[in-house]
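A.B. asks: only geometry, no sequence info:
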């Protein structure tokens, strides 16, 4: 399988994992094989997934007898990775040679391959066993690192004696795929791509071609969809348990630079409903991210809460951003009933969208805490919470997400809540019912005073089973809903 993406903050690589199950498919993507097949039987031969690559018997010392070659590439930097082991009678010795092959326009061969240059040799250590798996990591030589020319990487398998073969899998080669399958797998044109802002990312792949400080966008859950959060604000009591006290959709766009460090986290919030009497606030803690890694926060709507100079909430262990401190300041009540968009008899108010931007690298300059990589700032760090009726310590989080430093620890484990910080249990009743839910699509919430399990009939089974039963409880499947209780 060939991968050649460097959008969304991903370092460009070319990969082969044999999971197509058909060598011809990968050959069609310009990989080349000498005396190699794909195998899935017996399963003891498979290194990872369902298929691996298997050589012929290695009884030849010639590097051109049994080999694998990548497509033409523009080689990047870093390490070449792959996994290898043996099977069959090991014989005297078994080795793998790794070489690079340059594109040679003057070559008389149809492939236009130049002379190979070996830069790494791996000798299977004695005694050679068929159960030992070797995870190989090979630095790309400086001679071809970040090349502008086209190269192939060639893996040659050699040995003497016995019937032993090589089994390999999970090849990862840093660089850009540069073959043209429609032109006999010759290289694509070798002109230098335009890079207007000089950040090392070609304009064709740069989301911000005139901004040297920004390069890629990535989205959660996607660029077109929303995730939903719904809260019950009577915590630590169950209350009416209708989960419509705050219904908020969200989407995150993360902007990174050419080094895959986060420049901005742009949080879009779509406020849809609040069947609440209380003035509830809403925030986001970035678990594990120090506050001094943030340069600034804009777009939030708060009153007199204590904020640090960089816009994060003061006194917090981790970077915490308060989006708003009163739902009804952002989405006012229509003057009918106790909330907004939870009573079918009341007027419908169009959702309000607000954008909160968390800036990490300001005009190319990182804050005192340093940079944050895209791998570090991922959706697992997003710890959303509600705080109830302007009481800052009364935080409501998703189940088993730890509260912030501002939360009132004395409220944990009281009334219907069975939080136990020592065991990592938070915001669950004795039978695992939560006070906040997150769904990676738009949620159809219940009407005012209708407990969620009266509208979504499989909710309790899902919660009590810790998500094992009815993981799609929120969908409109037969027998899943009482439509009369859904707004």
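C.D. replies: Now that the structure is in, tell me what you want to look at. What you see is a predicted model; the values in this text were computed from it and never measured.

A.B. asks: Centroid-nearest residue for this structure?
C.D. replies: Per C-alpha atoms, centre = their mean, the C-alpha nearest to the average position across the chain is that of residue 378, at 6.2 Å.

A.B. asks: contacting residues for it?
C.D. replies: Listed by C-beta atoms under 8 Å, 6 or more residues apart in numbering, residue 378 has no contact partners. Just so you know, the C-beta spots here come from the backbone N, C-alpha and C atoms, and that holds for glycine as well.

A.B. asks: Over to residue 461?
C.D. replies: By C-beta under 8 Å, 6+ apart, the neighbours of residue 461 are 469-470, 473.

A.B. asks: Considering those residues, which possesses the most neighbours?
C.D. replies: Per-residue neighbour counts (other C-beta atoms under 10 Å) across these peak at residue 473, which has 22 neighbours.

A.B. asks: That one is in contact with residue 459, isn't it?
C.D. replies: Yes: contact criterion C-beta atoms under 8 Å: residue 473 and residue 459 qualify, at 5.3 Å.

A.B. asks: Distance check, the residue of the chain most remote from its centre against residue 80.
C.D. replies: The outermost residue of the chain, judged by C-alpha distance from the chain's mean C-alpha position using C-alpha atoms, centre = their mean, is residue 161 at 46.2 Å. Distance, residue 161 to residue 80, using C-beta to C-beta, to the nearest Å: 28 Å.

A.B. asks: What of residue 61?
C.D. replies: 23 Å.

A.B. asks: between those two, who's got more neighbours?
C.D. replies: residue 80 (22 against 11).

A.B. asks: residue contacts, that one?
C.D. replies: 98, 136-140, 153, 171-174.

A.B. asks: Helix, strand, or coil at it?
C.D. replies: When classified by DSSP: H, G, I helix; E, B strand; the rest coil, residue 80 comes out as strand.

A.B. asks: what about it, distance to residue 16?
C.D. replies: Counting by C-beta to C-beta, the gap from residue 80 to residue 16 is 11 Å.

A.B. asks: overlap in contacts of these two?
C.D. replies: residue 171.

A.B. asks: Burial check on residue 121, number of neighbours?
C.D. replies: 13.

A.B. asks: residues in contact with it?
C.D. replies: 95-98.

A.B. asks: redo that, cut-off 10 Å
C.D. replies: Residue 121 is in contact with 95-99, 138, 156, 158, counting by C-beta atoms under 10 Å, 6 or more residues apart in numbering.

A.B. asks: quick one: which of these has the most company?
C.D. replies: Neighbour max across the contacts of residue 121 (other C-beta under 10 Å) = residue 96, 26 neighbours.

A.B. asks: Walk me through which strands the helix or strand it falls within pairs with, and which way each runs.
C.D. replies: Using DSSP states H and E, the element containing residue 96 is strand 93-102. Using DSSP bridges, the strands paired with strand 93-102 are strand 117-123 (antiparallel), strand 151-160 (antiparallel).

A.B. asks: Just name the most buried of the ones you listed.
C.D. replies: Greatest average neighbour count among those goes to strand 151-160 (a mean of 24), per mean count of other C-beta atoms under 10 Å.

A.B. asks: Let me see the domain layout of this structure.
C.D. replies: 13-192, 216-451 (automatic domain parsing).

A.B. asks: out of those domains, which comes closest to residue 206?
C.D. replies: Residue 206 sits nearest to domain 216-451 of all the domains of the chain, at 7.9 Å, using C-beta to C-beta.

A.B. asks: Run the chain-centre distance for the closest one.
C.D. replies: The chain centre lies 20 Å from the centre of domain 216-451; the measure is C-alpha atoms, centre = their mean, to the nearest Å.

A.B. asks: So what's the model's average confidence on that domain?
C.D. replies: The average pLDDT within domain 216-451 is 96.

A.B. asks: Quickly note the distance from residue 405 to residue 229.
C.D. replies: 21 Å.

A.B. asks: Look at these two and report which has more neighbours.
C.D. replies: Neighbours per residue (other C-beta under 10 Å) separate residue 405 from residue 229, with residue 229 holding more: 21 against 13.

A.B. asks: quick one: that one is in a helix?
C.D. replies: No: counting by three-state DSSP, residue 229 is not part of a helix but strand.

A.B. asks: Contacts only, for it.
C.D. replies: 243, 246-250, 269, 282, 384-386, 398, 436-439, 443.

A.B. asks: ditto for residue 133
C.D. replies: By C-beta under 10 Å, 6+ apart, the residues touching residue 133 are 47-48, 83-86, 167, 169.

A.B. asks: now these: which count as buried?
C.D. replies: Buried by 16 or more other C-beta atoms under 10 Å: 47, 83-86, 167, 169, out of the contacts of residue 133.

A.B. asks: Just put these in a markdown table and tack on secondary structure.
C.D. replies: Below are the buried ones among the contacts of residue 133 laid out as a markdown table (three-state DSSP):
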| residue | secondary structure |
| --- | --- |
| 47 | coil |
| 83 | strand |
| 84 | strand |
| 85 | strand |
| 86 | strand |
| 167 | strand |
| 169 | strand |
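
A.B. asks: Need phi/psi at the closest residue to residue 465 other than its chain neighbours.
C.D. replies: Nearest non-adjacent residue to residue 465, counting by C-beta to C-beta, 6 or more residues apart in numbering: residue 432, 7.9 Å away. Dihedral angles of residue 432 (phi, psi; degrees, to the nearest 10) stand at phi 80, psi 10.

A.B. asks: how far away is residue 432 from residue 55?
C.D. replies: 52 Å.

A.B. asks: So which of the two has more stuff around it?
C.D. replies: Shown here are residue 432 and residue 55; by other C-beta under 10 Å, residue 55 has more neighbours (29 against 17).

A.B. asks: Now do the helices in the chain.
C.D. replies: With DSSP state H as the criterion, the chain has helices at 23-28, 327-330, 452-455, 459-464.

A.B. asks: ranking those helices by burial, who's on top?
C.D. replies: It is helix 452-455: most buried of the helices of the chain by mean count of other C-beta under 10 Å, with a mean of 22.

A.B. asks: Which strands and helices lie in contact with it?
C.D. replies: Using 3 or more C-beta pairs under 10 Å, 6 or more residues apart in numbering; DSSP states H and E, the elements in contact with helix 452-455 are helix 459-464.

A.B. asks: quick one on the thing from earlier: possible to save the strands paired with strand 93-102 as a markdown table with distance to residue 188 and mean pLDDT?
C.D. replies: Formatted as a markdown table, these follow (distance: least, C-beta to C-beta, whole Å; pLDDT from 0 to 100):
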| stretch | distance to residue 188 | mean pLDDT |
| --- | --- | --- |
| strand 117-123 | 22 | 97 |
| strand 151-160 | 13 | 96 |
